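K.L.:
Give me coordinates for this.
(one chain, ligands or ions: 1)
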Amino acid sequence: MNTSPTGTRKHTEVAVGILIRAQDDALLLSTRPEGKPYAGYWEFPGGKLEAGETVEAALRRELHEELGITIADAEVWKVTEHDYPHALVRLHWCRVRQWDGEFEMREGQAMRWQQLPLDVRPVLPGAQPVLVWLAEERGLAASAASID
Ligand SMILES: Nc1nc2c([nH]c(=O)n2[C@H]2C[C@H](O)[C@@H](COP(=O)(O)OP(=O)(O)OP(=O)(O)O)O2)c(=O)[nH]1
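P.N.:
Numbers count the residues shown, from 1 in each chain. Presented below is the predicted three-dimensional model:
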């Protein structure tokens, strides 16, 4: 288990990209590949930091590995935590508006450009807080962040 000697659970650090399409501000969601916890759930693309890696470097690597695109700069917008049975995760959310390359689902995922409220289900519960902030920012009712 991912547990320290004192018994406290260690955080798993995760870099997540909120890709925002220029022409209509749509958000990119993709499905989790088979073999991972919550396979088939919709999420924002990203993944775990490797040892010694910055959030930006991890996000650039993950988006290239998963989607085949190359991002320029990424700055952390929000940091959230979620306690899953499989891991206690700390999610570093970055908004990304520019990238190079064509989308290629390299892990067999599905992808969809979405407006709020999302019309894909199920969505990873760890993504909920950020959907609330995105809805607020867009002047939408709280119900636009619903993933139930
Ligand atoms: N990518 C992503 N992960 C999320 C979101 N919300 C959320 O709770 N998570 C959690 C689920 C996972 O526990 C963790 C991401 O880990 P992962 O297993 O997908 O990462 P990875 O691609 O590096 O996995 P691995 O195969 O290398 O082990 O973050 C989200 O919107 N996007």
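
K.L.:
thought Ser143 was touching Pro117?
P.N.:
Yes. Counting by CB atoms under 8 Å, Ser143 does reach Pro117; the two are 6.9 Å apart. In this view, the C-beta of every residue, glycine as well, is placed from N, C-alpha and C.

K.L.:
and the two? which has more neighbours close in?
P.N.:
For Ser143 versus Pro117, neighbours defined as other CB atoms under 10 Å are more numerous around Pro117 (14 against 10).

K.L.:
State the pLDDT value of the more buried one.
P.N.:
Looking at Pro117, its pLDDT reads 98.

K.L.:
Now do the closest residue to it other than its chain neighbours: how many residues are near it, please.
P.N.:
Distance criterion CB to CB, 6 or more residues apart in numbering; nearest residue to Pro117, sequence neighbours excluded, is Ala144 at 4.6 Å. The number of residues packed near Ala144 is 17, by other CB under 10 Å.

K.L.:
Might you report the residue contacts of the residue nearest the centre of the chain?
P.N.:
When the chain is reduced to its mean C-alpha position, the nearest residue by CA atoms, centre = their mean turns out to be Phe44, at 3.1 Å. Applying CB atoms under 8 Å, 6 or more residues apart in numbering, we find Phe44 in contact with Val16, Gly17, Ile18, Leu19, Leu27, Leu28, Leu29, Ser30, Trp93, Ala127, Val130.

K.L.:
if you set the cut-off to 10 Å instead, what comes out?
P.N.:
Shown here is Phe44, whose contacts under the criterion CB atoms under 10 Å, 6 or more residues apart in numbering are 16-19, 27-30, 91, 93-94, 96, 123-124, 126-127, 130-131.
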